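**Q** how would this look folded up:
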Amino acid sequence: MDLYGRKWSRREIEKHVGRLDQIGGLRRMIYKEGPEEGVELIQVRTGGGLTFYISPTRGMDISLEEFMGFPISWQSANGDIHPSYYDARGSEWSRTATGGLLMTCGLTQVGTSTIDNGVELGLHGRAHHIAARQITAEGNWVDNEYVMKVKGIVEETTAFGDYLRLTREYKILLGKNIIYLNDTVENLGFSPSPHMILYHFNFGFPFINKLTNFSFPSTKITSRDQGVSTEGYDQWGDPEIGYQEKVYYHENLNSYEIINGKRMTTVSIANPNFPSPHTKGNCPLKLELSWDADHLPLFTQWKMNGAGTNVLGIEPGNCHVEGRKAERENGTLIVLEPGKSLTYPFRIELGTAPVTSRILPNQP
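**A** So this is what the prediction gives:
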């Protein structure tokens, strides 16, 4: 294991602590008051300064993520509100969207509320508000590596229609500030099912500020809204009162091979002056978000540099965000056949020193 600047064997590190949780590990907890009452969180501490919280109550999504006690992710005004308050109509999703590092949108609808083939569909679908089943959270030694895994199943069902199952697993190695996320979506029904999915990663202050640099792998960038320029899409400023959100589509993604032969693409976000408990800032911090470029061929960028919100969304997906009806009419709606599945691997890595870009030109 790599920890504290050196390599350790299992028995070496165990000599120094009464219990491994002293360094890092998993802990399950439940909120006890207000609209968050009953929400379960699984705290993950990597031992390298990274802490984050997975919520089985909310689709196995990730709430707050922080490094050395300073936040990386954005939290909405709603907090970790219990999904029992969720209203699926129209844009009511925004009243119970928690923010956090990851909100999953889907599994059959993403984006603007719409009516598709007579079915009323709310903003961003139901996945973020569905509680998981068969939850496991465990850490085990594998030779001299301590491996933590958190797993759960999220199902979007109707009595007489779609039956999609999302099996989600996180893997984290003690001492490393890397999150491996692997999702598999299966159609357990006996009819073809529309399948839209978007991974709504949210980054906020102090990681995102006017000093933050962005590196995007896209060679085609367009604005969702007509008449809105793409100028300044890769810049950030001080939060503005009355700021109007900007949404950009990134396509034609450069990619490289990294996980099990998958063609992966990467967005890099770097802050050269991230806060430090020791130096009053000046701690260079870089985050790399990588995913499968074949099954998630585009990403939506949500730029909301507004006072009281101030969030950057990086949202890999298999669709745009104008809703299922528009996707169907454009001929781009993904349909998952009965018994078929798709797998979506991710890697999220934090580093305190600049990381050399690993992006290569598009592969044939």
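
**Q** in the sheet, who's paired with Tyr253?
**A** One correction, residue 253 is Leu, not Tyr. Ser218 (DSSP bridges).

**Q** Met304 too?
**A** Beta-bridge pairing for Met304 (DSSP bridges): Val311.

**Q** tell me which element Met103 is part of?
**A** strand 102-107 (DSSP states H and E).

**Q** Determine which residue lies closest to the centroid of the protein.
**A** Leu102 (3.2 Å; Cα atoms, centre = their mean).

**Q** residue contacts, that one?
**A** Leu102 is in contact with Asp61, Ile62, Tyr199, His200, Phe201, Asn202, counting by Cβ atoms under 8 Å, 6 or more residues apart in numbering. (Each C-beta comes from the backbone N, C-alpha and C, glycine too.)

**Q** Quickly note the distance from it to Gly59.
**A** 9 Å (Cβ to Cβ, to the nearest Å).

**Q** Check the secondary structure at Leu287 for me.
**A** strand (DSSP: H, G, I helix; E, B strand; the rest coil).

**Q** dump the residue contacts of it.
**A** Ile72, Phe203, Phe207, Ser268, Ile269, Ala270, Ile348, Glu349, Leu350, Gly351.

**Q** Same list (those) but as TSV, adding distance to Leu298.
**A** Listed next are the contacts of Leu287 as TSV, based on distance: Cβ to Cβ, whole Å:
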residue	distance to Leu298
Ile72	24
Phe203	19
Phe207	24
Ser268	17
Ile269	18
Ala270	23
Ile348	19
Glu349	22
Leu350	25
Gly351	26
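
**Q** and the two most separated of the residues you listed?
**A** Phe203 and Gly351 (15.3 Å; Cβ to Cβ).

**Q** and these two? which has more neighbours close in?
**A** For Phe203 versus Gly351, neighbours defined as other Cβ atoms under 10 Å are more numerous around Phe203 (22 against 14).

**Q** now the angle from the strand or helix carrying the more buried one to strand 102-107?
**A** Assigned by DSSP H and E, Phe203 falls within strand 196-204. Relative orientation of strand 196-204 versus strand 102-107 (axes from the mean of the first three to the mean of the last three Cα atoms, to 10 degrees): 160 degrees.

**Q** Could you give the average pLDDT over strand 196-204?
**A** Strand 196-204 carries an average pLDDT of 98.

**Q** can I get the CA coordinates of that strand in CSV?
**A** What follows is strand 196-204, C-alpha atoms only, in CSV (Å, rounded to 0.1, in the frame of the first residue of the first chain):
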residue,chain,number,x,y,z
MET,A,196,-31.4,7.8,-21.2
ILE,A,197,-28.6,8.4,-18.7
LEU,A,198,-26.6,11.4,-17.6
TYR,A,199,-24.0,11.6,-14.8
HIS,A,200,-24.5,15.0,-13.3
PHE,A,201,-21.1,15.7,-11.6
ASN,A,202,-21.1,19.0,-9.7
PHE,A,203,-18.1,21.1,-8.7
GLY,A,204,-18.1,24.1,-6.4
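
**Q** starting at the chain centroid, how far to that strand?
**A** Between the mean C-alpha location of strand 196-204 and the chain-wide mean there is a distance of 5 Å, by Cα atoms, centre = their mean, to the nearest Å.

**Q** mind listing what Thr230 touches?
**A** Counted by Cβ under 8 Å, 6+ apart, Thr230 has contacts Ile221, Thr222, Ser223, Tyr248.

**Q** With Leu101 instead?
**A** Neighbour list for Leu101: Phe52, Ile62, Ser63, Leu64, Glu65, Ile72, Ser73, Phe201, Asn202, Phe203 [criterion: Cβ under 8 Å, 6+ apart].

**Q** what about 6 Å?
**A** Ile62, Glu65, Ser73 (Cβ atoms under 6 Å, 6 or more residues apart in numbering).

**Q** and of those, the nearest to Lys325?
**A** Of these, the one sitting nearest to Lys325 (Cβ to Cβ) turns out to be Ile62, at 29.7 Å.

**Q** one step back: tell me which strands the helix or strand following the strand holding Phe203 pairs with, and in which orientation.
**A** Next in sequence after strand 196-204, counting helices and strands by DSSP H and E, comes strand 213-215. When pairing is defined by DSSP bridges, strand 213-215 lines up against strand 262-274 (antiparallel).

**Q** Just the CA atoms of the partner strand, as PDB, please.
**A** Extracted C-alpha coordinates of strand 262-274, given in PDB (Å, rounded to 0.1, in the frame of the first residue of the first chain):
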ATOM      1  CA  LYS A 262     -12.300   0.700 -23.000                       C
ATOM      2  CA  ARG A 263     -11.800   4.000 -24.900                       C
ATOM      3  CA  MET A 264     -11.800   6.600 -22.100                       C
ATOM      4  CA  THR A 265     -12.000  10.300 -22.300                       C
ATOM      5  CA  THR A 266     -11.100  12.900 -19.600                       C
ATOM      6  CA  VAL A 267     -12.100  16.300 -18.300                       C
ATOM      7  CA  SER A 268      -9.400  17.900 -16.200                       C
ATOM      8  CA  ILE A 269     -10.000  20.600 -13.600                       C
ATOM      9  CA  ALA A 270      -7.100  22.200 -11.900                       C
ATOM     10  CA  ASN A 271      -6.900  24.900  -9.200                       C
ATOM     11  CA  PRO A 272      -3.300  26.200  -8.600                       C
ATOM     12  CA  ASN A 273      -4.200  27.800  -5.300                       C
ATOM     13  CA  PHE A 274      -6.500  25.400  -3.500                       C
END
